[in-house]
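Colleague: have a look at this prediction, sequence included:
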Amino acid sequence: MAKAATQSATMLEARDIVHRYGPVVALDHVSITAARGEFLTILGESGSGKTTMLRVISGLERPHSVGALLIGGEDVANLPAAQRNCTTVFQSYALFPHMSVEENVAYGLKIRGVPMDERRRRVDEALNLVRLHQKSARRIGQLSGGERQRVALARAIVTRPALLLLDEPLGALDERLRYDMQTELVELHKTLGMTFIYITHSQEEALTMSDRILLMRHGRVEQAGRPEELFDRPVSRFAASFMGFENLLPCRVEHKLAGGRVVVRVAGRVFHATTVVQDALSEGSDAVLAVRAERFAPADVASDALNLLPCRPTERFYRGKYVDQRAESDAGPLRFRVWDKANSFADFAAVRCSEADCVVVPQ
Ligand SMILES: Nc1ncnc2c1ncn2[C@@H]1O[C@H](COP(=O)(O)OP(=O)(O)OP(=O)(O)O)[C@@H](O)[C@H]1O
């Protein structure tokens with residue numbers, strides 16, 4: 001098993017997976033690949049199929065149908081969970097409360113018959129990696145939430161699986177601890193060079209940690225790409241909204257230009273914009289112009305210039321670093337940010353946005 005894993009550059013290949021729970025289609029022809037050493041995040045709202053996908057990979061769930069399921073080049077579709085070269089870290093930790101930290105981490109090696117000396121060395125190494133070597137004799141009940149999560153991580157990595165599956169591992173931690181653990185996990189991933197498949201519903205967590213993100217919706221892959229692609233180049237209204245685009249304005253496609261550029265009309269005004277789904281747009285059809293609040297800049301004059309939308313400022317909310325400014329426009333309500341406190345809000349008669357920051361998606 002380990003030999004096959006070292007030979008393939010693709011650590012996970014899951015093709016055309018379908019899984020149903022009675023009438024519920026949890027996975028609707030999903031395909032996922034992960035390269036060796038990659039940190040891949042499966043992102044999506046509750047019920048989108050993330051956990052089911054992880055359970056299919058680990059062997060806890062047998063899919064209704066499967067095109068291919070390979071770990072490190074080895075076909076595992078018919079292998080039981082225990083024989084797959086992967087380990088899962090759960091949100092609930094799933095630790096043995098009556099055992100010490102050390103015993104918890106050693107457990108997987110013990111049942112694999114690893115000799116005592118090697119066991120001790122590998123447990124020490126794993127506890128060092130998660131900075132828990134000084135607490136190895138403690139019982140699980142004597143640890144904080146963050147420490148328990150580290151024990152769960154040490155227990156998972158000590159068996160050196162080819163693939164580490166992480167099911168919302170930081171979900172039970174408070175915000176500050178979650179933030180610190182995000183950094184620790186990224187560092188651990190770099191040190192180990194292992195392939196991580198991480199699931200979360202938090203776009204911020206996905207953007208911070210991943211090499212690549214797979215956004216799921218209703219059991220399907222909505223978009224896959226690098227964090228920057230998901231953040232700046234959504235393929236659909238759902239992807240734009242999920243990734244936090246505050247402004248989704250109705251528009252009409254006027255012209256499709258070369259290189260993913262597109263000219264749209266928003267409330268009668270002409271915008272030059274960009275798109276990654278040009279084939280899904282047709283000239284004369286309705287679409288959506290997505291713009292992030294921080295990419296709109298207030299403009300003093302409501303001229304006929306391109307990429308400029310007249311507006312009337314309404315509420316403003318002081319956020320410390322910036323002011324969250326709301327406005328009314330002929331295209332609907334707008335949200336943008338003003339970073340310079342010295343500006344007087346009454347002066348703004350319009351907002352403008354660069355072509356690169358105006359993204360068109362189908363309606
Ligand atoms: N054991 C089950 N029996 C019936 N339906 C299930 C079962 N497990 C999951 N489902 C359904 O399958 C769909 C996908 O669920 P899944 O747990 O994979 O989603 P998820 O994205 O991981 O959600 P969450 O973030 O809430 O964990 C949902 O509609 C869910 O209600």
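Modeller: Done, it's in.
Colleague: do you know the pLDDT at the residue nearest to the spatial centre of the chain?
Modeller: Closest to where the C-alpha atoms of the chain average out (CA atoms, centre = their mean) is residue 206, at 3.2 Å. pLDDT, residue 206: 95.
Colleague: how far is the helix or strand hosting it from where the chain is centred?
Modeller: Per DSSP states H and E: residue 206 is located in helix 203-209. In terms of CA atoms, centre = their mean, to the nearest Å, the centre of helix 203-209 is set 5 Å apart from its chain centre.
Colleague: who does that helix touch, helix- and strand-wise?
Modeller: Judged by 3 or more CB pairs under 8 Å, 6 or more residues apart in numbering; DSSP states H and E, helix 203-209 is in contact with strand 39-44, helix 175-192, strand 195-200, helix 227-232. (Each C-beta comes from the backbone N, C-alpha and C, glycine too.)
Colleague: and if we set it to 10 Å?
Modeller: With contacts defined as 3 or more CB pairs under 10 Å, 6 or more residues apart in numbering; DSSP states H and E, the packing partners of helix 203-209 are strand 39-44, helix 175-192, strand 195-200, strand 212-217, helix 227-232.
Colleague: of all these, which lies closest to residue 321?
Modeller: Residue 321 lies closest to helix 175-192 among these, at 17.1 Å (CB to CB).
Colleague: Throw the helices and strands packed on helix 203-209 into TSV and include distance to residue 360, thanks.
Modeller: Converted to TSV, the helices and strands packed on helix 203-209 look like this (distance: least, CB to CB, whole Å):
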stretch	distance to residue 360
strand 39-44	22
helix 175-192	32
strand 195-200	28
strand 212-217	18
helix 227-232	13
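Colleague: can I get those in JSON lines including distance to the ligand and mean neighbour count?
Modeller: Shown next, in JSON lines, are the helices and strands packed on helix 203-209 (distance: least, CB to the nearest ligand atom, whole Å; neighbours: other CB atoms under 10 Å):
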{"stretch": "strand 39-44", "distance to the ligand": "5", "mean neighbour count": "26"}
{"stretch": "helix 175-192", "distance to the ligand": "16", "mean neighbour count": "15"}
{"stretch": "strand 195-200", "distance to the ligand": "7", "mean neighbour count": "25"}
{"stretch": "strand 212-217", "distance to the ligand": "7", "mean neighbour count": "23"}
{"stretch": "helix 227-232", "distance to the ligand": "17", "mean neighbour count": "17"}
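Colleague: no further queries at this time; thank you.
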